[in-house]
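**Q** Sequence first, predicted coordinates after that:
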Amino acid sequence: MESLSRKLTDYILKKGIIDKCNYEIYLYGFQIFLELSLNILCSIIIAVVLDMKIECFLFFLFFIPLRSYNGGLHMDRYLSCFLLSSTTLTLTLLIVKHFTIGPIFSYFLYAISVFIIIITGPINHPNREVNSEENIRFKTKTKITLALGFVISITFLVLGNHRYLFLEALVYALVSSTLLIGRLKYVQKSKKGVEPHNNK
């Protein structure tokens, strides 16, 4: 992705569309756009192939806000991140497709995951430190997201849609797991004084 982004940036630079002083900005923008586009395209393909478009939408509806406000585990390379994300989405959807767990187990998993998310709090990535003011804001947004998620889970329960309830519980379990792994990873790095990779 970085190589393709550089070629695109070099092209528009030669055409005189941008100034050289803005080269790095456009390079970063192209890279983010290409990576995001590939992720979206792959997610759509997975959803269509598995015939689980609604479930895929719900997956990201629950996952993206919690991930955005809490951080968690980040891979050092985009390819690793892409493969892990695609695999995680596929496995989660397959589990929901072939196994429907009762609401008691779903709420048990859901409750444990919410507890971990709350006590763990936002995880600082070494390349993106969060100050105290941002930390408070992220915690507030997380609480709002969790509250809305709880209302949605009650709605699923009332409607008797145990499949979607189980999906929500799995997504929360996934987020809480990445938070725990991310905290362990970055705490160990800080103790060893390891220079973090540049993960854009």
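**A** Nice, thanks for sending it over.
**Q** quick one: which helix or strand includes Thr100?
**A** Using DSSP states H and E, Thr100 sits in no helix or strand.
**Q** check contacts around it.
**A** Listed by CB atoms under 8 Å, 6 or more residues apart in numbering, the contact partners of Thr100 are 162-163, 166. Using the backbone N, CA and C atoms, a C-beta is placed for each residue, glycine as well.
**Q** Could you tell me how many residues sit around Val171?
**A** A total of 25 residues lie near Val171 under the criterion other CB atoms under 10 Å.
**Q** For it, give its distance to Gly149.
**A** In this structure, Val171 and Gly149 are 9 Å apart, going by CB to CB, to the nearest Å.
**Q** rewinding a little: wait, which of the contacts of Thr100 is closest to Cys21?
**A** Relative to Cys21, the closest of those is Phe166; by CB to CB it sits at 51.9 Å.
**Q** residues of whichever strand or helix holds that closest one that come out buried?
**A** Of the helices and strands defined by DSSP H and E, Phe166 is found in helix 162-192. By 16 or more other CB atoms under 10 Å, the buried positions in helix 162-192 come out as 162-176, 178-180, 182-183, 185-186.
**Q** again, but for stretch 92-112
**A** 92-93, 96, 101, 103, 106-107, 109-110.
**Q** which stretches of this structure have low pLDDT?
**A** 72-74, 123-132, 186-200 (pLDDT under 70).
**Q** about what we covered before: would you mind giving the buried residues of stretch 92-112 as a markdown table with distance to Thr9 added?
**A** Below are the buried residues of stretch 92-112 laid out as a markdown table (distance: CB to CB, whole Å):
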| residue | distance to Thr9 |
| --- | --- |
| Thr92 | 35 |
| Leu93 | 36 |
| Val96 | 41 |
| Ile101 | 48 |
| Pro103 | 51 |
| Ser106 | 47 |
| Tyr107 | 49 |
| Leu109 | 45 |
| Tyr110 | 44 |
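**Q** Dump those into a markdown table; add secondary structure and distance to Cys56 as well.
**A** Output for these, formatted as a markdown table (DSSP: H, G, I helix; E, B strand; the rest coil; distance: CB to CB, whole Å):
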| residue | secondary structure | distance to Cys56 |
| --- | --- | --- |
| Thr92 | helix | 9 |
| Leu93 | helix | 7 |
| Val96 | helix | 10 |
| Ile101 | coil | 19 |
| Pro103 | helix | 22 |
| Ser106 | helix | 19 |
| Tyr107 | helix | 23 |
| Leu109 | helix | 20 |
| Tyr110 | helix | 20 |
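**Q** now, among those residues, which is nearest to Leu50?
**A** Distances from Leu50 to those, taken by CB to CB, are shortest for Leu93, at 5.3 Å.
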